[in-house]
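In: structure for this input, please:
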Amino acid sequence: MRAPPAEATRLCELSSHQKKSGFAAWLGWFFDGLDLHLYTLVATVFVAELLVTKESDPDVALYGSVIQAAFLIGWALGGAFFGIIGDRLGRSRTLVLTILTYALFTGLSFFAQTWWQLMIFRFLAALGIGGEWAVGASLLSETWPKKWRPWIAAVLQCAVNFGILAAIAAVFLLRQLPGYAPRWVFLIGVLPAFVTLWIRKEVPETAEWSAEQGKQSAPPMSGLFGSGIRRKTLIASVLCAISLTGHWCFMFWQQAFIRNHPEVVAGSLEKAQVVSVALFWVIAASVVGNFVSGWAAQRFGYRRTLAGFFGAYFLLMGATFAFPWSLGATYGLYAAIGFCQGVFGLFTMALPPLFPTLLRTTGAGFSYNIGRVFAAAGTVFFGIFAKPADFSSVLLFASFLFLPAAILALWLPTEEATS
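Out: Purely as a prediction, here's the structure:
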């Protein structure tokens, strides 16, 4: 298999393999974002329906957070499991398996009759979503030119953002239909399955993986803690664990906070609409943040860009929940926080090069997705102890996680984008 050109400077110079790999990864991430947020948009009302109780019942917050925690744990395990598969079976074939996994089990969530059935389906869907991140990141890391990586990361992260916006639009449109039920939204999650037919036919394995796979077998996961790799694995894992815990505390509990905003409670505003508008501002701003963080990484390097954005995330999230704001101002602050979220796209290209080829999807999947386990614990913790009046305090405390994340980012032994 002929290796793709390494230093293309224009889109027209990219090989067919590179273009197809990029499009396949983009589609995978787009549907990641779609399937990822279908649940968060209907979590409160659907869990209340399954529990046959009111949305204000404390059990709704508790079981809703348990379901989200199971999803995050599944995401972490999927990153590790499919990472191992990707290093053994190949990037393209494993990408197909991950997409089929999350499409199937998101669709099956439609049939859930109890909260624990929904939890199982969300856990299994998350295995595919977590795995797709690691495989897609490695696929592009091995096919696209090094100097393009920060921009590739931005474009890929935008795919997730557009997927989330598609989820918002889909839920909005479904709510206009007569007889609408929250469970309908999960049927949309079946659509990614059709993409796998094209990927399997058109996207070949990478030349780098094929060459290495022919020379030796992939090492076990324990190789991530071997001499020369252990330090990279530990720093990357801890950094992702801290930052993603703070991030997911915001992404899950911000909807509960804004549902209980004084203007929403006192007025006649529809809570579902307010939640959708708030999430729209977060995601729309994060699209801009993706490209600004990519530009910053190109100019200042991954370490300083990660540290700067995490520091800004801390300040903005702290300001948002430390003081009372009008609903309009809260939307604006949500957008500012969303802008900071663009930094997470940099992990896409910063992490895979840290690991040797036959440990690449395993290492990237493990170090990034291990953060989901800690995020899951944080989500359940807040679900147990948070009361409607305390959501601002919960989110304020979560903001402090970005301080150590900013410091640790400066130690990340990554291959810099500026080199």
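In: thinking residue 337 is in contact with residue 314, fair?
Out: No. The criterion here is Cβ atoms under 8 Å, and residue 337 misses it with residue 314 at 10.3 Å. The C-beta positions use only the backbone N, C-alpha and C, and glycine is treated the same way.
In: which of these two has more residues huddled nearby?
Out: Using other Cβ atoms under 10 Å, the more surrounded residue of residue 337 and residue 314 is residue 337, with 26 against 21.
In: so that one: helix, strand or coil?
Out: Using DSSP: H, G, I helix; E, B strand; the rest coil, the three-state assignment for residue 337 comes out as helix.
In: residues touching it, list them.
Out: 250, 282, 285, 313, 316, 317, 320 (Cβ atoms under 8 Å, 6 or more residues apart in numbering).
In: sticking with the third one, tell me its helix or strand.
Out: Under the criterion DSSP states H and E, the helix or strand holding residue 285 is helix 271-300.
In: kindly report the same for the fourth one.
Out: Secondary-structure element containing residue 313, defined by DSSP H and E: helix 302-322.
In: state the mean pLDDT of that helix.
Out: Helix 302-322 carries an average pLDDT of 96.
In: skipping adjacent residues, who's closest to residue 355 in space?
Out: In space, and not counting its chain neighbours, residue 355 is closest to residue 363: 3.3 Å by Cβ to Cβ, 6 or more residues apart in numbering.
In: the one you found: what's it in contact with?
Out: Taking Cβ under 8 Å, 6+ apart, we find residue 363 in contact with 83, 224, 229, 232, 233, 351, 352, 354, 355.
In: which of those fall in helices?
Out: 83, 232, 233 (DSSP state H).
In: what ranges do the strands span in this structure?
Out: Applying DSSP state E to the chain gives no strands.
In: could you list the low-pLDDT ranges of it?
Out: Low-confidence segments of the chain (pLDDT under 70): 1-9, 11-12, 214-218, 371-372, 378-390, 414-419.
In: mind checking the longest helix of it?
Out: Criterion DSSP H: the longest helix present in the chain is helix 16-51.
In: relative to helix 271-300, how tilted is that helix?
Out: Taking axes from the mean of the first three to the mean of the last three Cα atoms, to 10 degrees, helix 16-51 and helix 271-300 form an angle of 150 degrees between their directions.
In: list the buried ones in helix 16-51?
Out: 17-18, 20-22, 24-44, 46-51 (16 or more other Cβ atoms under 10 Å).
In: which helices and strands does it pack with?
Out: helix 58-89, helix 91-108, helix 115-141, helix 149-175, helix 195-202, helix 230-259, helix 271-300 (3 or more Cβ pairs under 8 Å, 6 or more residues apart in numbering; DSSP states H and E).
In: mind doing that once more with 6 Å?
Out: Applying 3 or more Cβ pairs under 6 Å, 6 or more residues apart in numbering; DSSP states H and E, one finds that helix 16-51 contacts helix 58-89, helix 91-108, helix 115-141, helix 149-175, helix 195-202.
In: report the distance from it to the chain centre.
Out: 9 Å (Cα atoms, centre = their mean, to the nearest Å).
In: then stretch 175-183?
Out: Using Cα atoms, centre = their mean, the offset of stretch 175-183 from its chain centre is 27 Å.
In: any idea how far residue 313 is from residue 324?
Out: 21 Å (Cβ to Cβ, to the nearest Å).
In: check residue 227 too.
Out: Distance, residue 227 to residue 324, by Cβ to Cβ: 53 Å.
In: between those two, which is the more surrounded one?
Out: More crowded of residue 227 and residue 324, by other Cβ under 10 Å: residue 324, with 10 against 6.
In: now the more buried one: closest residue in space, sequence neighbours ignored.
Out: Nearest non-adjacent residue to residue 324, counting by Cβ to Cβ, 6+ apart: residue 262, 7.7 Å away.
In: that older thread, pull the CA atoms of the helix holding residue 313 into PDB?
Out: This file holds the C-alpha atoms of helix 302-322, laid out as PDB (Å, rounded to 0.1, in the frame of the first residue of the first chain):
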ATOM      1  CA  TYR A 302      -0.400  22.500  22.900                       C
ATOM      2  CA  ARG A 303       0.800  22.900  26.500                       C
ATOM      3  CA  ARG A 304       0.300  26.600  26.800                       C
ATOM      4  CA  THR A 305      -2.900  26.600  24.900                       C
ATOM      5  CA  LEU A 306      -4.400  23.800  27.100                       C
ATOM      6  CA  ALA A 307      -3.300  25.700  30.200                       C
ATOM      7  CA  GLY A 308      -4.700  29.000  29.000                       C
ATOM      8  CA  PHE A 309      -8.100  27.600  28.000                       C
ATOM      9  CA  PHE A 310      -8.500  25.600  31.200                       C
ATOM     10  CA  GLY A 311      -7.600  28.700  33.200                       C
ATOM     11  CA  ALA A 312     -10.200  30.700  31.300                       C
ATOM     12  CA  TYR A 313     -12.700  27.900  31.800                       C
ATOM     13  CA  PHE A 314     -12.200  28.100  35.600                       C
ATOM     14  CA  LEU A 315     -12.600  31.900  35.700                       C
ATOM     15  CA  LEU A 316     -15.700  32.000  33.500                       C
ATOM     16  CA  MET A 317     -17.500  29.000  35.100                       C
ATOM     17  CA  GLY A 318     -16.700  30.500  38.600                       C
ATOM     18  CA  ALA A 319     -18.100  33.900  37.600                       C
ATOM     19  CA  THR A 320     -21.200  32.300  36.100                       C
ATOM     20  CA  PHE A 321     -22.200  30.400  39.300                       C
ATOM     21  CA  ALA A 322     -20.800  32.600  42.000                       C
END
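In: tell me the angle of the longest helix of the chain relative to helix 230-259?
Out: Computed by the same axes, to 10 degrees, the angle separating helix 16-51 from helix 230-259 equals 50 degrees.
In: quick check: angle from helix 16-51 to helix 58-89?
Out: 150 degrees.
In: coming back round to it: which of the helices and strands packed on helix 16-51 sits closest to residue 304?
Out: With Cβ to Cβ, the closest approach to residue 304 among the helices and strands packed on helix 16-51 belongs to helix 149-175: 12.7 Å.
In: any idea how far the closest residue to residue 274 other than its chain neighbours lies from residue 104?
Out: Spatial nearest neighbour of residue 274, excluding adjacent residues (Cβ to Cβ, 6+ apart): residue 264 at 5.4 Å. Separation of residue 264 from residue 104 (Cβ to Cβ): 36 Å.
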